[in-house]
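> Compute the structure for the input listed below.
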Amino acid sequence: MKKSKLTSLVAVIMLILLAATGCSSGNSATPGAGTSDTSKPASGKLDKVTLQLKWLPQSQFMGYYVAQAKGYYKDQGIDLEIVPGGSDIIPEQQVYNGVANIGVTWVSSLMKYQSKGWGLVQVGQIFQKSAMLLVSKAATGINSPADLKGKKVSSWFGGNEYEIYALLAANGLNKDTDVKLVQQDYTMNQLLKNEVDAASAMTYNEYGLLLESGLKDSDLHVINMNDAGVAMLEDCLFVNSDWIAKNQDLYVRFLKASIKGWADACADPEAAGKVVYNVDQSVSLAHQVYMAKEVAKLVVPKGFDPAKIGYIDMAAIKQTGDLAYKYGLLTKPAVISENTVTSKYWTEATAK
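Next comes the predicted model:
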């Protein structure tokens, strides 16, 4: 009788100790340690992730802001900090140095840093089309790329000029002798004041500024880099190779939430524009909504399956690399391999 009571007492104590230490008969995976389990941490504690943007808060990045506002990152066990960019911030440096975990940049820019030996990997492609335009007033008479000969053309430079170089060369024009390339500021005043004949413009931003100034579509002529066959891919997601080796699960969860946010933003860009406007009221609500509608056309172009948001088109990657090398952004051909660009995380994030 005494032995039976003692045995029962020991059993009760063992059960209490097991409950207190959280031990179980199953094995638990550590979030962010390269596992394929995409559920949020069992502890309920959120994993901190920092996303470095290429520019200031605007609808160019609306998918991340919408996902954050709707709690999609928290649903994936992530506490996301979105860090704005700017003219003095280089996303590649921020991610390479560990200041941020994930970055947004243009593919051509990323290739430049990869060519220097930086261990950075492209792991998602948000924009499926180039947003770069050359815009002129209809009265200037620039109706085709060939008409740029003898004209003054403005660019922001700093890596934004290579599509222009490719456009000129593809149409038999020498960038050094056939046109006058000048520095463009971050307004469209040079074109509005007739100080240049053609100016660079992004579909989702500067072209809208021209329309807001009172000009109509019929007052302008546009050379679209996609139509001209010299498009280079822009906004992509990238990470440090050392970080992703230890945080595959964490990145897949981030991508799941981001894709969901982008899908919502593209389905209702007006609402997305309002979300971004509430983050940073640096431009008008109307302009943020305009931007959102135009960005949606880049993320989900006509005929593109919304289920493939974030998909990496390797043919477009190769075209970007070829143009970047041919026209001087890269000093050697881009290395396109599993170590520099991979779709495996996107495939996992979009698996049913």
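
> doesn't K48 fall inside a strand?
Yes: the assignment for K48 is a strand, going by DSSP: H, G, I helix; E, B strand; the rest coil.

> For it, which residues are in contact?
When the contact criterion is Cβ atoms under 8 Å, 6 or more residues apart in numbering, the partners of K48 are I78, D79, E81. (Glycine included, C-beta is placed from N, CA and C.)

> go on, N224?
Applying Cβ under 8 Å, 6+ apart, the residues contacting N224 are L133.

> what sits opposite it in the beta ladder?
Beta-bridge partners recorded for N224 (DSSP bridges): L133.

> Need the pLDDT of it.
The predicted local distance difference test score for N224 is 98.

> mind checking the SS state of K302?
Assigned state for K302: coil (three-state reduction, three-state DSSP).

> Check A263 too.
Secondary structure for A263, judged by three-state DSSP, is helix.

> Contacts only, for it.
By Cβ under 8 Å, 6+ apart, A263 lies in contact with G63, P306, I309.

> for the last one, what are its contacts?
Taking Cβ under 8 Å, 6+ apart, we find I309 in contact with G63, I126, I259, W262, A263, C266, V299, V300.

> a markdown table for those residues, including pLDDT and distance to D47?
As requested, the contacts of I309 are exported to a markdown table (pLDDT from 0 to 100; distance: Cβ to Cβ, whole Å):
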| residue | pLDDT | distance to D47 |
| --- | --- | --- |
| G63 | 99 | 20 |
| I126 | 98 | 22 |
| I259 | 98 | 18 |
| W262 | 98 | 21 |
| A263 | 98 | 22 |
| C266 | 98 | 26 |
| V299 | 98 | 26 |
| V300 | 98 | 29 |
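
> need the helices for this protein, in chain order.
If DSSP state H is used as the criterion, the helices of the chain fall at 2-21, 62-69, 72-75, 91-96, 107-115, 162-170, 189-192, 206-212, 241-246, 248-267, 269-279, 285-299, 314-326, 344-349.

> Please identify the deepest-packed of those helices.
helix 62-69 (a mean of 25; mean count of other Cβ atoms under 10 Å).

> mind exporting it as PDB, just the C-alpha atoms?
As requested, the backbone C-alpha atoms of helix 62-69 are provided in PDB (Å, rounded to 0.1, in the frame of the first residue of the first chain):
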ATOM      1  CA  MET A  62       2.100  49.000 -51.600                       C
ATOM      2  CA  GLY A  63       2.000  45.200 -51.300                       C
ATOM      3  CA  TYR A  64       4.200  45.200 -48.200                       C
ATOM      4  CA  TYR A  65       2.200  48.000 -46.600                       C
ATOM      5  CA  VAL A  66      -1.100  46.400 -47.300                       C
ATOM      6  CA  ALA A  67       0.200  43.000 -45.900                       C
ATOM      7  CA  GLN A  68       1.400  44.800 -42.800                       C
ATOM      8  CA  ALA A  69      -1.900  46.800 -42.300                       C
END
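
> what's that helix packed up against?
On a contact count with 3 or more Cβ pairs under 8 Å, 6 or more residues apart in numbering; DSSP states H and E, helix 62-69 meets strand 78-83, helix 248-267, helix 269-279, helix 285-299.

> so can I have TSV of these showing distance to G119?
Converted to TSV, the helices and strands packed on helix 62-69 look like this (distance: least, Cβ to Cβ, whole Å):
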stretch	distance to G119
strand 78-83	20
helix 248-267	15
helix 269-279	31
helix 285-299	27
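
> Now stretch 116-124: buried residues?
The neighbour-count criterion (16 or more other Cβ atoms under 10 Å) identifies G119, L120, V121, Q122, V123, G124 as the buried residues of stretch 116-124.

> Of those, which is the nearest to N205?
The shortest approach to N205 among these belongs to G124, at 21.9 Å (Cβ to Cβ).
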